[in-house]
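J.: structure for this input, please:
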Amino acid sequence: MNVLAPPKARLHIEIVHDLVCPWCYLGVRRLLRTLRRRPDIVFELVWRPFLLNPDMPRVGMARPDYVVRKFGGEDRARRLYATISEVGRNEGVLFRFDRIRRTPSSIDAHRLVLELHVTDAELARRRAAWKQPAPRYTRGVLAKFARHSSSASFGAVLDKFD
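T.: Presented below is the predicted three-dimensional model:
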């Protein structure tokens, strides 16, 4: 430790977001990119849930109905989606709003968010020490499924072949 070096600034950041909000996603990407450029700052992120659509039924809603309810119609939605798609492209994100058939409720997704409170060094140590376990099943349908599917880290591809 260099006693002459000033201590790193500490920054506590609370992020209020909805998991289905594209603007939230882009904002977090930009924030993290900015923080990576500032090694002189020690930061702590605290995630706070926000429901973009608090009245959304838990089963979601057909996209055309959602667009009318949220934006007043397809024309306005198309303009807004074009704007965020352009911002996304500039950030290296390809939004495919045209492929959404049903707008989900995010309430259950927020319940499933796992917060991990360990340092980056500890996380790196754990990743380095991790060994993939031997498959539980070596024969049968589950073994075949395990052989032909990939990890969620690689997109959970279900038609992987050796």
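
J.: Ala82 in helix, strand or coil?
T.: Here Ala82 is helix, with the state taken from DSSP: H, G, I helix; E, B strand; the rest coil.

J.: what sits against it?
T.: By Cβ atoms under 8 Å, 6 or more residues apart in numbering, Ala82 lies in contact with nothing. Every C-beta, even on glycine, is put in place using the N, C-alpha and C of the backbone.

J.: same check, this time on the one 4 residues further on
T.: For Glu86, no residue counts as a contact, taking Cβ under 8 Å, 6+ apart as the criterion.

J.: what do you get for Cys21?
T.: By Cβ under 8 Å, 6+ apart, Cys21 lies in contact with Phe50, Leu52.

J.: for it, give its distance to Trp130.
T.: To Trp130, Cys21 is 32 Å away according to Cβ to Cβ, to the nearest Å.

J.: ok, now Leu116?
T.: For Leu116, the distance to Trp130 (Cβ to Cβ) stands at 14 Å.

J.: in the helix or strand bottoming out on mean pLDDT in the chain, what's buried?
T.: Within the chain, no helix or strand scores below helix 141-147, which has a mean of 83 by mean pLDDT, DSSP states H and E. By 16 or more other Cβ atoms under 10 Å, helix 141-147 has no buried positions at all.

J.: now for that helix, which elements pack on it?
T.: Judged by 3 or more Cβ pairs under 8 Å, 6 or more residues apart in numbering; DSSP states H and E, helix 141-147 is in contact with no other helix or strand.

J.: sec struct for Ala124, please.
T.: Using three-state DSSP, the structure places Ala124 in helix.
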